[in-house]
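K.L.:
sequence unknown, structure follows:
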């Protein structure tokens, strides 16, 4: 009996299909889409990615893409190459290998930054590591930040997006890991935006650096699970969006030391019905969102177009919608949202990541076991 079981297991293993990995291609999948302002086509650039999460472009035109299960790929004009030396990742639920960005002076300082879920100190939390990229391998890997404390269990709400501002500060969003009340406590990193130097040191002018028992890395607090962030160098504004519970997805401008409400205030409600706290506008010490999406669109990823191939979309924000499966164009006037438009609804699935490419196009990634990376290209009038 035991020998028969071994034979069956071996035969079953041999029958499993080989994992071929992602494929580089240039395939037009939509010849023409007419939106309110422009007409564009959609080109698939890479297929067969397992839950792609983050995209980052290198100065030479190559680019990096993460897969949530823990793989990092380097893409050039011809092929997709596996990158060696990725840190150990805990792929659990919403956790895994998450965002990737490059140092703003990459040509002189070739660091790349990875955010990811990891096991440490008896729990699971979000870490940030940096490493030098040479050919197709990471070298000199070092962890520069980790959520304190890690959570003993659970696979939800890790965050985590990263951006650099024009002064070279690194911002990281951190989810509250399902432990709601910790988002309001300054002695944990749960539900926070943190601000660091590029090497992980704490800036001396962070808002809580002198507050007793507060984590000095904290820049803002009262967040649930932020999976979109951009820094607008033109205006100096830091924008994020975050998942609400059932409704109440929120777009924010992040400023130092402010409380963004969760779970004391939200426009969402419990999944089984019932209120959570109160509305943000009812609390004087809580920031009201610039806009909220109710019902929920489940936002993830965010890009802003500046000097792109779409002059009609100059300065607009673009937000990926996981549940509602579209790209949401958000038109700004100063610090206010004056118009919104849905693009490619229900055409490509769950939109996980958006970024402006060096070619001026709007790139996006789809969250699926066989996800892909796509490019929106403007068509001539």
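P.N.:
It's in. Quantities reported herein were computed from a predicted structural model and do not represent experimental measurements.

K.L.:
and residue 95, how many residues sit next to it?
P.N.:
25 (other CB atoms under 10 Å). (Glycine included, C-beta is placed from N, CA and C.)

K.L.:
List the residues that contact it.
P.N.:
68, 116, 117, 124, 126, 155, 158 (CB atoms under 8 Å, 6 or more residues apart in numbering).

K.L.:
In this structure the fourth one contacts residue 118, no?
P.N.:
It refers to residue 124. Yes: judged on CB atoms under 8 Å, residue 124 makes contact with residue 118 at a distance of 7.1 Å.

K.L.:
Of the contacts of residue 95, which pair is most distant in space?
P.N.:
Checked with CB to CB, these reach their widest spread between 68 and 124, with 14.3 Å between them.

K.L.:
which residues do residue 124 and residue 118 both contact?
P.N.:
Residues touching both residue 124 and residue 118 (CB under 8 Å, 6+ apart): residue 90.

K.L.:
What about the contacts of residue 95, which one has the most neighbours?
P.N.:
For these, neighbours tallied by other CB under 10 Å; top is residue 158, 30 neighbours.

K.L.:
and that residue, how far is that from residue 87?
P.N.:
The gap separating residue 158 from residue 87 is 15 Å, by CB to CB, to the nearest Å.

K.L.:
residue boundaries of the helices in this protein?
P.N.:
Using DSSP state H, the helices found in the chain span residues 2-15.

K.L.:
where does it have its least confident helix or strand?
P.N.:
Here the helix or strand of the chain ranked lowest by mean pLDDT, DSSP states H and E is helix 2-15, holding a mean of 35.

K.L.:
okay, now residue 107: neighbour count?
P.N.:
10.

K.L.:
So it is in contact with residue 59, correct?
P.N.:
Yes: counting by CB under 8 Å, residue 107 does reach residue 59; the two are 5.3 Å apart.

K.L.:
Find the residue ranges of the stretch 251-381 of the chain scoring beneath the pLDDT cut-off.
P.N.:
381 (pLDDT under 70).

K.L.:
where do the strands sit along it?
P.N.:
Ranges of strands in the stretch 251-381 of the chain, per DSSP state E, counting those that start in this stretch, are 291-293, 299-304, 317-321, 326-333, 336-343, 351-356, 362-366, 371-378.

K.L.:
Going by neighbour count, which residues in stretch 317-327 are buried?
P.N.:
Within stretch 317-327, the residues scored as buried using 16 or more other CB atoms under 10 Å are 317, 318, 319, 320, 321, 322, 324, 325, 326, 327.

K.L.:
beta partners of the residue lying closest to the third one once chain neighbours are set aside?
P.N.:
Leaving aside its chain neighbours, residue 319 sits nearest to residue 328 (4.5 Å; criterion: CB to CB, 6 or more residues apart in numbering). When bridges are assigned using DSSP bridges, the partners listed for residue 328 are residue 319, residue 342.

K.L.:
Report how many residues lie close to residue 328.
P.N.:
Other residues near residue 328 number 23, with proximity taken as other CB under 10 Å.

K.L.:
Among the buried residues of stretch 317-327, which one lies nearest to residue 225?
P.N.:
Distance to residue 225 across the buried residues of stretch 317-327 (CB to CB) is lowest for residue 322, with 11.7 Å.

K.L.:
Not counting sequence-adjacent ones, nearest residue to that closest one?
P.N.:
Per CB to CB, 6+ apart, closest to residue 322 is residue 298, 3.9 Å.

K.L.:
same thing with residue 312?
P.N.:
residue 37 (4.1 Å).

K.L.:
List the residues that contact the one you found.
P.N.:
310, 312, 313.

K.L.:
Just to check, residue 79 is in contact with residue 24?
P.N.:
Yes: taking CB under 8 Å as the definition, residue 79 is a contact partner of residue 24 at 5.2 Å.

K.L.:
Neighbour count for these two, which is higher?
P.N.:
Neighbour count, other CB under 10 Å: between residue 79 and residue 24, residue 24 has more, with 16 against 12.

K.L.:
about what we covered before: who touches the residue nearest to residue 319 in this structure?
P.N.:
Applying CB under 8 Å, 6+ apart, the residues contacting residue 328 are 297, 299, 318, 319, 320, 321, 340, 341, 342, 343.

K.L.:
State the distance from residue 342 to residue 38.
P.N.:
Noted for residue 342: a distance of 14 Å to residue 38, by CB to CB.

K.L.:
picking up where we left off before, redo the strands of the stretch 251-381 of the chain as TSV? Include distance to residue 262.
P.N.:
Below are those laid out as TSV (distance: least, CB to CB, whole Å):
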stretch	distance to residue 262
strand 291-293	12
strand 299-304	15
strand 317-321	19
strand 326-333	21
strand 336-343	20
strand 351-356	22
strand 362-366	27
strand 371-378	29
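
K.L.:
Tell me which of these approaches residue 228 most closely.
P.N.:
Nearest to residue 228, of all those, is strand 299-304, at 3.4 Å by CB to CB.

K.L.:
which residues sit against the closest one?
P.N.:
Counting by CB under 8 Å, 6+ apart, strand 299-304 makes contact with 161, 227-230, 232, 239-243, 249, 251, 293, 315-322, 328, 350-356, 362, 364-365, 367, all of which sit outside it.
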